[in-house]
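A.B. asks: Fold the following and give me the result.
(2 chains)
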There are 2 protein chains.
Amino acid sequence: MKYNDYISVDCVIFGFDFENLNVLVVERTLRDENGVEEFSDLTLTGNHIYEDETINDAANRVLFDLTGLTGIYLEQFKTFAHPDRLKKENDRKWLLHDGRNPDKRIVSIGHFALLSKRDVTLQWKGRNVKWVPYHEIGELAFDHNEILEKAVVALREKVKHEPIGFELLPEKFTLTQLQRVYEIILGTEFDKRNFRKKVSRMKYLIPLDEKQTGVAHKPARLYMFSRDVYEKTKKELIDFWV
Amino acid sequence: MKYNDYISVDCVIFGFDFENLNVLVVERTLRDENGVEEFSDLTLTGNHIYEDETINDAANRVLFDLTGLTGIYLEQFKTFAHPDRLKKENDRKWLLHDGRNPDKRIVSIGHFALLSKRDVTLQWKGRNVKWVPYHEIGELAFDHNEILEKAVVALREKVKHEPIGFELLPEKFTLTQLQRVYEIILGTEFDKRNFRKKVSRMKYLIPLDEKQTGVAHKPARLYMFSRDVYEKTKKELIDFWV
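C.D. replies: Below you'll find the model as predicted:
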């Protein structure tokens, strides 16, 4: 199969470890012909699309190649095509080394994905893949800092209107974990009592007859999110009228 | 300035005439060398981007060329690049006639725009431009029906969370007109008393000391929307918790 040389997808993959919102990044190391390192930095995950492939299929392929998983929450949020997006010196060197034309304008269709599984082997073309807390991410390759910033904005907006925060939690979670994921994404703190009062009204948040195991403190009750109940009970509302 | 031959923007321009949600379309007529019409159909408005132009500038340029106006509400909502999006027979003919390669995969970055002004001269490359009610739009060229459908979905979502419906109304409007624009976009009907009770709580909806003129019925009070007040009074809320 042949790659299209001007259409690519980039995926901002978010993960949550009960402490931080993390972003998956890949090491990019350029070596000269003697194997001496010229530079090493980080990129988001992405790929050019195949000539006969849709945008959505390409983004899902990137996620599958990376994780071996299908059905990961994925959303196309914005497209990037600034004339200067590939013009930093290291990016040009990288593209030339890769046999590509650094002056060719490449469109990147930005996606964000939410990965709840932590016990998964991540791999990307033999390169080192790692989670970095969002607030600790330094300068990324290409225009990937801009793509990341816009992905965070899109995630924040979406999380206010649809219960997608659950996609970052394990299947069974505590209310403290639930509160934490929303606090971290929205960059705010909720009062614990108010938060519990609110969630007690969510019919789609199902208390289980199970408790945490292997914790030092008093084990908390576990809950699950039911998309099924959510879809059936959600009210259509126009929230700016509230 | 040189056009990029694989990156384009398409704009779904919505307008409201107090009756219908209308969409701006452009006639596309192909004639053979003797001037005999081969076919005539309708397209959305769009254009390829210039090599040194950003996506946003290209979309605003399309709106300006069409209306002579700047500052029109514009939003990038989704990108389209299906391998078959330009493969209908008439589309291939049109592209060939235009000196373009119909097998070249073209990315279209979809935007929607909300146009409140009705007293504006619309023009597009000497072609006939017209408003068509959304529900009366038949088959459009290329993948423009899909772009239109996705734009309507994006408009409906956005209108629930941000007061952008005002962008389709004149500067001064009646409550009946306000109710109508929301009913039309959302495809629903509101109870008039409930609606008025809700809007009476919106601090950003300012009643004016002015009434309608030139109407046969009892003239209604006019209102204006204050974005300023909205920005200062809006509450951050997570609406799926409601």
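A.B. asks: Mind listing what's buried along stretch A:93-110?
C.D. replies: A:94-95, A:102, A:105-110 (16 or more other CB atoms under 10 Å in any protein chain shown). From N, CA and C alone the C-beta is placed, and that goes for glycine too.
A.B. asks: before we move on, what about stretch A:75-86?
C.D. replies: A:75-81, A:85-86.
A.B. asks: Stretch A:117-133 too?
C.D. replies: A:122, A:124, A:129, A:131.
A.B. asks: Just name the closest of the buried residues of stretch A:75-86 to A:R31, please.
C.D. replies: A:L86 (20.3 Å; CB to CB).
A.B. asks: Next one: the closest one from chain B, what distance?
C.D. replies: 14 Å (CB to the nearest CB, to the nearest Å).
A.B. asks: Double-check that A:V62 belongs to a strand.
C.D. replies: No: counting by DSSP: H, G, I helix; E, B strand; the rest coil, A:V62 is not part of a strand but helix.
A.B. asks: surely it meets A:V12?
C.D. replies: No: checked against CB atoms under 8 Å, the pair A:V62 and A:V12 is beyond contact range at 11.2 Å.
A.B. asks: And those two? Which one has more around it.
C.D. replies: A:V12 (27 against 24; other CB atoms under 10 Å in any protein chain shown).
A.B. asks: Let me see the contact set for A:R31.
C.D. replies: A:37-38 (CB atoms under 8 Å, 6 or more residues apart in numbering or on different chains).
A.B. asks: who does it bridge with?
C.D. replies: Beta-bridge partners recorded for A:R31 (DSSP bridges): A:E37.
A.B. asks: Check what pLDDT it gets.
C.D. replies: You'll see A:R31 listed with a pLDDT of 94.
A.B. asks: Repeat that for the one 3 residues further on.
C.D. replies: In this model, A:N34 is scored at 94, pLDDT.
A.B. asks: Wasn't it part of a strand?
C.D. replies: No: counting by three-state DSSP, A:N34 falls outside a strand, being coil.
A.B. asks: if I pick A:E19, what's in contact with it?
C.D. replies: Counted by CB under 8 Å, 6+ apart, A:E19 has contacts A:P133.
A.B. asks: Double-check that it belongs to a helix.
C.D. replies: No: judged by three-state DSSP, A:E19 forms no part of a helix; its state is coil.
A.B. asks: Which stretches in chain A count as strands?
C.D. replies: A:3-16, A:21-31, A:37-43, A:45-50, A:73-80, A:107-115, A:129-133, A:205-211, A:221-225 (DSSP state E).
A.B. asks: Would you mind finding the most buried of the ones you listed?
C.D. replies: Most buried of these by mean neighbour count (mean count of other CB atoms under 10 Å in any protein chain shown) is strand A:107-115; its value is a mean of 25.
A.B. asks: Each with direction, which strands does that one pair with?
C.D. replies: strand A:3-16 (parallel), strand A:73-80 (antiparallel).
A.B. asks: right, and the pair among the buried residues of stretch A:117-133 with maximum separation?
C.D. replies: Across those (CB to CB), the longest gap, 12.9 Å, separates A:W124 and A:W131.
A.B. asks: For the lengthiest helix in chain A, list every residue counted as buried.
C.D. replies: Ranked by residue count under DSSP state H, the longest helix found in chain A is helix A:144-161. Going by neighbour count (16+ other CB under 10 Å), the buried part of helix A:144-161 is A:144, A:147-148, A:150-152, A:154-155, A:158-161.
A.B. asks: Tell me which residues touch the nearest residue to A:I49 once chain neighbours are set aside, please.
C.D. replies: Distances taken as CB to CB, 6 or more residues apart in numbering or on different chains put A:A58 closest to A:I49, at 3.9 Å, once the chain neighbours are dropped. When contacts are counted by CB under 8 Å, 6+ apart, A:A58 touches A:9, A:47-50.
A.B. asks: ok, A:H135 touching A:N20?
C.D. replies: Yes: contact status for A:H135 versus A:N20: in contact at 7.4 Å, counting by CB under 8 Å.
A.B. asks: Please enumerate the shared neighbours of those two.
C.D. replies: Joint contacts of A:H135 and A:N20 (CB under 8 Å, 6+ apart) do not exist.
A.B. asks: related to what we said a few turns ago, the strands paired with strand A:107-115 into JSON lines, with extra columns for distance to B:T70?
C.D. replies: Converted to JSON lines, those look like this (distance: least, CB to CB, whole Å):
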{"stretch": "strand A:3-16", "distance to B:T70": "30"}
{"stretch": "strand A:73-80", "distance to B:T70": "22"}
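A.B. asks: Now those in a markdown table, please, with extra columns for mean pLDDT.
C.D. replies: Output for these, formatted as a markdown table (pLDDT from 0 to 100):
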| stretch | mean pLDDT |
| --- | --- |
| strand A:3-16 | 97 |
| strand A:73-80 | 98 |
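A.B. asks: quick one on the thing from earlier: how about TSV for the strands of chain A, with distance to B:A220 added?
C.D. replies: Shown next, in TSV, are the strands of chain A (distance: least, CB to CB, whole Å):
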stretch	distance to B:A220
strand A:3-16	48
strand A:21-31	49
strand A:37-43	58
strand A:45-50	53
strand A:73-80	41
strand A:107-115	45
strand A:129-133	55
strand A:205-211	45
strand A:221-225	46
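A.B. asks: Tell me which of A:H135 and A:N20 has more neighbours.
C.D. replies: A:N20 (16 against 11).
A.B. asks: That one contacts A:V181, doesn't it?
C.D. replies: No: using CB under 8 Å, A:N20 is not in contact with A:V181, being 10.5 Å away.
A.B. asks: check contacts around the nearest residue to A:K104 once chain neighbours are set aside.
C.D. replies: Excluding the flanking residues, the one nearest A:K104 by CB to CB, 6+ apart is A:Y6, at 6.1 Å. Contact analysis of A:Y6 by CB under 8 Å, 6+ apart lists A:104-107, B:6-7, B:107.
A.B. asks: Kindly state the domain boundaries assigned to chain A.
C.D. replies: A:3-161, A:171-241 (automatic domain parsing).
A.B. asks: what's the offset of the first one from the middle of its chain?
C.D. replies: Centroid separation for domain A:3-161 versus its chain: 10 Å, with CA atoms, centre = their mean, to the nearest Å.
A.B. asks: Then the last one?
C.D. replies: Between the centre of domain A:171-241 and the centre of its chain there are 21 Å (CA atoms, centre = their mean).
A.B. asks: ok, A:A216 - how many residues close by?
C.D. replies: Counted with other CB under 10 Å, the neighbours of A:A216 add up to 5.
A.B. asks: any idea how far it is from chain B?
C.D. replies: Counting by CB to the nearest CB, the gap from A:A216 to chain B is 31 Å.
A.B. asks: on that earlier part again, any idea how far the residue nearest to A:I49 lies from A:G46?
C.D. replies: With the distance defined as CB to CB, to the nearest Å, A:A58 ends up 9 Å from A:G46.
A.B. asks: repeat for A:L122
C.D. replies: Remark: distance between A:L122 and A:G46 (CB to CB) = 15 Å.
A.B. asks: Also A:K2?
C.D. replies: 18 Å.
A.B. asks: Please apply the same query to A:E139.
C.D. replies: 17 Å.
A.B. asks: thinking again about what came up before, name the residues contacting each of A:A58 and A:G46.
C.D. replies: A:V9.
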